[in-house]
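# Dropping a prediction and its sequence here:
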Amino acid sequence: KPSLIGLTRAEIGEALISAGIVPERQAKMRAQQLWHWMYVRGVSDFAHMFNISKDLRAALDTHFTVARPEIVEEQISSDGTRKWLFRFPPRGAGRPVEIETVYIPEEGRGTLCISSQVGCTLTCSFCHTGTQKLVRNLTTEEILAQLLTARDRLGDFPD
């Protein structure tokens, strides 16, 4: 199923219309609702989008996903630095890919190092992605999924 993560509000509306889930006159409102649930509330399952009817949630779940990538490994160091190794499903005939995201806590804030490519030429000593040869650029969905998953794991979304 295609993901709605990484689409603009207009693209979400178009996807809903194309899938026959909502009429054109409702697309903008529904796209705004979904955007809020995905990016403000951090919901990764249509079933938890409570201001959307059960029938519409079921239709969304049939056609789309808002799920997070698989976390292959999570490491937390003594200074609070966290590293996540994510696995994304294959694109086309390709193989699944693994990339790393690192959160470095600092006084009153934190830094999130997000991968934008599978493989990297920077070879940062703390990062798994830099140990791989450059394969391809990540999609908008894959980049945003790292941010959303990090926010999940850090408890950064409202309850």
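On my side now, so go ahead.

# Show me what the longest strand belonging to the chain pairs with in its sheet, parallel or antiparallel.
Secondary structure of the chain per DSSP state E: the longest strand is strand 97-106. Using DSSP bridges, strand 97-106 pairs in its sheet with strand 82-88 (antiparallel), strand 109-113 (antiparallel).

# Quick one: mean pLDDT for it?
For strand 97-106, mean pLDDT is 93.

# Identify each buried residue in the helix or strand harbouring residue 143, please.
Remark: residue 143 resides in helix 140-154, with elements defined by DSSP states H and E. Neighbour-count burial for helix 140-154, counted by 16 or more other CB atoms under 10 Å, picks out 141, 142, 143, 144, 145, 146, 148, 149, 150, 153. The C-beta positions use only the backbone N, C-alpha and C, and glycine is treated the same way.

# Let me know the pLDDT of the last one.
If I follow you right, that is residue 153. Per the predicted model, pLDDT is 95 at residue 153.

# Domain parsing of this protein, as residue ranges.
As assigned by automatic domain parsing, the chain contains the domains 9-63, 70-154.

# I'd like the ones you listed written out as TSV, with distance to residue 2 added.
Shown next, in TSV, are those (distance: least, CB to CB, whole Å):
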stretch	distance to residue 2
domain 9-63	7
domain 70-154	9
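
# Out of the ones you listed, which gets nearest to residue 3?
Nearest to residue 3 among the domains of the chain is domain 70-154; the distance by CB to CB comes to 5.1 Å.

# hang on, the earlier thing: least reliable of the domains of the chain by average pLDDT, please.
domain 70-154 (a mean of 88).
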